[in-house]
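Curious how this folds, go ahead:
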Amino acid sequence: MAKILLIETATAFCSVAISVDGKIISLKEESGQNLHASNLTLFIEEVIKKSGMSYGDLDAVAISKGPGSYTGLRIGVSTAKGLCYALEKPLIAIETLEMMAAGFLSQNPGYDGLICPMIDARRMEVYTSVYNAELTLLEPTSAKIIDENSFSDLLSENIITFLGDGSAKCAETLKHVNALFSDVNFNSAANLSLLAENAFNNTIFEDVAYFEPFYLKDFVLTQPKKRV
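Take a look at the predicted model:
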């Protein structure tokens, strides 16, 4: 019966949970700008305390590995790796878009369409992928600039539910009878639980020394415009 600390920091949500045998027993999350650096370790301490466990009771640490916010992922992964080093526990990494799709399916039993999680990557670009109702990956993770022809082949034959903080800005562009949009937040550490439990049971662990977040794109530092 695995006890796993779950961490999600890929978007504006800072989310931490503990699962036991795939079931959430403690959860703390909040949304806002620049929360991760100041709140992540506090949230971890809080969920540990609420669970009635100690750090030593954990069997593994699971992280939502990206794609997503460069800063959020860097903070989440470095925190997870530090805990794994200190506690000598294995590290589990789950792709963020898969976590989001799994969360949608858990809340929508019987859904038989496709799921397209989207994470905002500025302007009309999103990090996205497509899954079916069995969580089989149909289109691999990529950075897409969305226009009126995006996903047209899939939409012609399937209902697709678009979700995530990148989907709202695409609603006016992806106008199709088979395009549905969910405004529910699925960037929650709670949605890592079953995926992390499966990885633990199959000993799918990362090399803590060399693991890096899945940034997908290189970080580009932009300079603010000078005022005239």
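
Kindly report the domain assignment for the protein.
According to automatic domain parsing, the chain is divided into the following domains: 3-95+187-201, 97-181.

Name all residues that make contact with the spatially most central residue of the chain.
Closest to where the C-alpha atoms of the chain average out (Cα atoms, centre = their mean) is residue 96, at 2.9 Å. Contact partners of residue 96, counting by Cβ atoms under 8 Å, 6 or more residues apart in numbering, are 8, 10, 64-68, 117, 119, 187, 214. All C-beta atoms are positioned from the backbone trio N, CA, C, and that covers glycine.

buried sites along stretch 152-160?
By 16 or more other Cβ atoms under 10 Å, the buried positions in stretch 152-160 come out as 154-155, 159-160.

Need the CA coordinates for that stretch. CSV is fine.
Output of stretch 152-160 as CSV, limited to C-alpha atoms (Å, rounded to 0.1, in the frame of the first residue of the first chain):
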residue,chain,number,x,y,z
SER,A,152,-10.1,19.6,-38.0
ASP,A,153,-9.5,15.9,-39.0
LEU,A,154,-10.2,14.7,-35.5
LEU,A,155,-13.2,17.0,-35.0
SER,A,156,-14.8,15.8,-38.2
GLU,A,157,-15.3,12.4,-36.7
ASN,A,158,-15.1,12.8,-32.9
ILE,A,159,-16.3,14.9,-30.0
ILE,A,160,-13.3,16.5,-28.4
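
And the contacts of that stretch?
Counting by Cβ under 8 Å, 6+ apart, 113-116, 130, 138-139, 151, 174, 176, 178-180 sit against stretch 152-160.

ok, now with 6 Å
With Cβ atoms under 6 Å, 6 or more residues apart in numbering as the test, stretch 152-160 has contacts from 113-114, 116, 176, 178-179.
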